[in-house]
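Enquirer: structure for the following, please:
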Amino acid sequence: MCADQAGGVSIIHSTLNYADFYCLNQPRQTAQAIEFAGKHCAAIAAIGRPERFFQALQTLGIDLKQTIALDDHVVIKPADWPEADVIFITEKDAVKLTMPLQHNCC
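Expert: Coordinates of the predicted model:
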C-alpha cells in the first residue's frame, strides 16, 4: 500500500502482488500458474471486489472455468464450493474456513 499527497490530502492506493501458489491442505507444496494448464480450474471469493482476484488469476494464465463471487465477509460453506480439479481462494477467505478441506485449494 502506498500513500501520495495531493493538495494536503493523503491518497492511499494498493497493488496486488502474486508469488507462488500454495495448497491449503499441504502448505509446503507450492506451484506456479503454468502447472495448472489443462486442469479444470475454478475460483471462489468473498471479498469486496472479487473480479480483481479472478482477473489477476486469468492474467497469470489460469483458465478459470467457473468463478463464484460471494458477498464480502461471508464465510464460505461446503455447499458454495465449485466442482473443479483445482479451486483458488484468497488468503483472506481461507482463514475463515471452518470445515476440513475436501478440495485441492490454492
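
Enquirer: please count neighbours and contacts with C-alpha atoms only from this point.
Expert: Fine.

Enquirer: for this protein, which segments count as strands?
Expert: Assigned strands in the chain, in chain order: 2-6, 9-13, 21-23, 26-31, 41-45, 64-69, 86-89 (criterion: DSSP state E).

Enquirer: out of those strands, which gets nearest to E51?
Expert: Ranking those by their distance to E51 (criterion: Cα to Cα) puts strand 64-69 first, at 7.8 Å.

Enquirer: looking at the strands of the chain, which one is packed in the most?
Expert: Using mean count of other Cα atoms under 10 Å, the stretch among these with the largest mean neighbour count is strand 41-45, at a mean of 24.

Enquirer: angle of that one against strand 64-69?
Expert: Interaxial angle, strand 41-45 versus strand 64-69 (axes from the mean of the first three to the mean of the last three Cα atoms, to 10 degrees): 10 degrees.

Enquirer: give me the sheet partners of strand 41-45 and which way each runs.
Expert: Strand 41-45 has its sheet partners listed here by DSSP bridges as strand 64-69 (parallel), strand 86-89 (parallel).

Enquirer: tabulate these (TSV), appending distance to Y18 and mean pLDDT.
Expert: Formatted as TSV, the strands paired with strand 41-45 follow (distance: least, Cα to Cα, whole Å; pLDDT from 0 to 100):
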stretch	distance to Y18	mean pLDDT
strand 64-69	17	97
strand 86-89	13	92
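
Enquirer: among the ones you listed, which is nearest Q58?
Expert: Nearest of the strands paired with strand 41-45 (Cα to Cα): strand 64-69, 6.9 Å.

Enquirer: which residues touch that closest one?
Expert: Applying Cα atoms under 8 Å, 6 or more residues apart in numbering, the contact partners of strand 64-69 are 40-47, 50-51, 54, 57-58, 82.
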